[in-house]
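> I would like to see how this sequence folds:
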Amino acid sequence: MALALALLLAEATIAWPVSPAPVADRCDPPAPPASAPPASRLVTARDLARLIDIGRSDPYDAPPPFGLSPDGKTIAVILRQADPAHNAYCQRLVLVSAVPSGEPPAAPREIDRGGAFIRATYPLRTFPALRAGYGQVITPHWSPDGRTIAYIKQTAGPPQAWLVPRDGGPARTLTALPDAVENLAWNAEGTALIIATRPALRQQSDAIAATAGEGYLYDDRFAPELADHPIPSAPMPLVFSRVDIASGTIQPATSAERAILVPPPAPGQPPQASGATRSADGRWAWIEPVHPAWVVSARQVVIEAPARRGPPRRWLCPEALCDGTMHLWWSRDGATLYLLQRTGWGRSQTRLLRWRRGAPRPEAVLTTDDVLVGCVPRPDALYCARESSAHPRVLVRIDWRSGASRTVLDPNPQWAQFRLGTIQRLKVRNAYGVESHADLVLPPDHRPGERHPLVVVQYLSEGFLRGGTGDENPIQPLAARGFAVLSFARPAAVPSVRDAPDETELMRREHVDWLDRRSVQSALEEALRQAVATGAIDPARMGITGMSEGTSMTQWALLNSKLFKAAELGVCCEGPTIYPLVAGPVFERLGRQLGTAWFEPQSEQVWKPMDLAANAERITAPILIQSDDSEYTNALDVVAQFRLLGKPIEMWVMPGEPHFKWQPAHRLAMYERTMDWFSFWLQRQRDCDPNKATQYQRWLAMPGAPSKDEVTCLPSRP
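Residues are numbered from 1 along each chain as shown. Next up is the predicted model:
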């Protein structure tokens, strides 16, 4: 019994399953170049679900998802492709030339394949390491002599360190530890790997499982929406070790070796600073807040150089130029500092800046609406993963001097064959003066004068427009079905709360009179106003989707506007009773610190603008919920109330999923169900595949549904 409980506990709360099923090789032979002419067919849900990814499938800033060889001529990268039919992934470690030539790039050369999808860990409230639904970014690391590549791979047990010869030969595992290898790097001599593990996670899990025989005390270690047992919550520091390549011997890393993975702060660097980097001539640069006491502060870039006498000399790039800076790199000679920042209207652009020694301010090298992720500097160029709103991620080489970008690897050349909807970026300023943006996608076959039903996808709109936050609502396939899609980016905090001293106080201020919800709704309504003003939108047929924060945005929109005629939620819902119960005691206390009423007599009035369950009679839009099996209980009061009142609602529960869902079969199912749902309610159309007959029987029987005669089959599309 104790062993079984220990396995269950490990699976639910740590970064790897203790005894995973054997990982089958789901890699098909490399597909030949696409033979279809460009823009010859429409994108389907399956096409989107089977895209090949480099790193994470979202545009968030992340570590480099590729590694450059010491001579700068070759890139090692892991390509990952979902296989919905087998609910698995194909993962291949490949090499590609880092220097583009005038000829079409050669096909990547595979040197290893296989392994499980490794889910990242993330902290939440008092839980330091929960398993996420998104993937851990695996960076291949080249040995100093360029002959061997080390990377993290999982086949049986936790992820381990593996070695692969670049010129061929079998891969081999270097470690066989009881704990997951979370990070690694070579030492300068190439004789050892420095690795990071988290033994306390396993140790706490074992200790909890050992008490199963007497039951578990319900205390702060519980969050029922995450697990039905205590979750490890004490500190879990990383432990750094040195692994000898020749013998496999493991010993504690020295402080100098630990610094390879976790560089120490710069001398004189403020505690809130980040991105510190040292030039060849000893100058330091970092990013620091303009207002250190504010939790939301503009940021500036500082350069400090040692002086022969007195304090260091200091140069400052003020917030007007350098706010939004994420990364800093020195040129090889130390004469130039390069800055990568998010900038422009509502931080919707990426800019590369160059600050030459002696220049009063940086100058722009490149400004783009695209997103650059995981960039790696070289003396002559910057290598990045790059994605645009209309094209999935590629690897590029950006010239330091001109900003010219050339593609090194496009893992999805078949994307050129798809006929895409046109994309228009809308600039939004809400009633509180906060900037944000949205991307309006029209159907590929849109003609002037046509008006289309619209679906809102939330709550970020950066990089490739794939499926919104959580990747559940397929934007281009929806456009191919005749929908306009508004990919909406929520605004940042309103100015009046940005001087809050910590996150708790920030959230408390945003909760007063639902300030943040009102700010977001104001921005959404302005984005919709601009979309309707194009003349391409039918305002009487608009739907909305939401996942995570997007769920809260959708709840508010349904209760505080009459804009939307149908909705889809990736998880549900915020409310004064179930919500604090399923999130656990720590969350319940946090809510009270924010001034939230949970079970107090005034809670009903406080939650009136937000609580779907208490306001079910006011909702006319049919709601589809597609929840993970750890959080579906959050929605039980909403579903029960809607059914009691005869309101149209349907909930699906995805087994084995966390908050962000990761299984390919579920993603494809959600894609298709979302499209069918909005086609049914907003277009009066159905997929006449006989396998979906039961689905439409349910929907046709819902209150307010069109009659069977009003619903036509979806048109066949080329």
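
> now do the contacts for Ser331.
Applying Cβ atoms under 8 Å, 6 or more residues apart in numbering to Ser331 gives the contacts Leu337, Tyr338, Pro379, Trp400. Backbone N, C-alpha and C define where each C-beta goes, glycine included.

> quick one: neighbours of Asp709, just the number.
Neighbour count for Asp709, taken as other Cβ atoms under 10 Å: 6.

> about what we covered before: pick out the most distant pair among the contacts of Ser331.
The distance between the two most remote of those (Cβ to Cβ) is 14.5 Å, for Leu337 and Pro379.

> more neighbours, the two?
Applying other Cβ under 10 Å to Leu337 and Pro379 shows that Leu337 carries more neighbours, namely 24 against 9.

> next, the buried residues of stretch 384-391.
Applying a neighbour-count criterion of 16 or more other Cβ atoms under 10 Å, one finds Cys384, Ala385, Arg386, Glu387, Ser388, Ser389, Ala390, His391 buried in stretch 384-391.

> before we move on, what about stretch 395-414?
Buried positions in stretch 395-414, judged by neighbour count with 16+ other Cβ under 10 Å: 395-398, 400, 403, 405, 408-412, 414.

> what are the buried residues along stretch 291-300?
With burial defined by 16+ other Cβ under 10 Å, the residues of stretch 291-300 counted as buried are Trp294, Val295, Val296, Ser297, Arg299, Gln300.

> same thing with stretch 698-708?
Buried positions in stretch 698-708, judged by neighbour count with 16+ other Cβ under 10 Å: Trp699, Met702, Ala705.

> tell me the mean pLDDT for stretch 225-232?
Averaging pLDDT along stretch 225-232 gives 94.

> give me the contacts around that stretch.
Outside stretch 225-232, the residues that touch it by Cβ under 8 Å, 6+ apart are 5, 8-9, 12-14, 127-130, 200-201, 204-205, 208, 212, 216-217, 219, 221-223, 582-584, 630-631, 633-634, 658.

> so which of those residues sit within strands?
In this view, the contacts of stretch 225-232 that belong to strands under DSSP state E are Phe127, Pro128, Ala129, Leu130.

> could you dump the residues you listed into CSV and include distance to Ala171?
Below are those laid out as CSV (distance: Cβ to Cβ, whole Å):
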residue, distance to Ala171
Phe127, 34
Pro128, 31
Ala129, 27
Leu130, 30
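
> of those residues, just say which sits nearest to Leu68.
Distance to Leu68, by Cβ to Cβ, is smallest for Ala129 among these, at 29.6 Å.

> neighbours of that closest one, how many?
Count around Ala129 with other Cβ under 10 Å applied: 23.

> wait, isn't it in contact with Ala234?
No. Contact criterion Cβ atoms under 8 Å: Ala129 and Ala234 do not qualify, at 10.9 Å.

> about what we covered before: just put the buried residues of stretch 384-391 in a markdown table and tack on pLDDT, distance to Pro158 and secondary structure.
Output for those, formatted as a markdown table (pLDDT from 0 to 100; distance: Cβ to Cβ, whole Å; DSSP: H, G, I helix; E, B strand; the rest coil):
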| residue | pLDDT | distance to Pro158 | secondary structure |
| --- | --- | --- | --- |
| Cys384 | 98 | 30 | strand |
| Ala385 | 98 | 27 | strand |
| Arg386 | 98 | 32 | strand |
| Glu387 | 97 | 31 | strand |
| Ser388 | 98 | 37 | strand |
| Ser389 | 97 | 38 | coil |
| Ala390 | 97 | 39 | coil |
| His391 | 97 | 36 | strand |
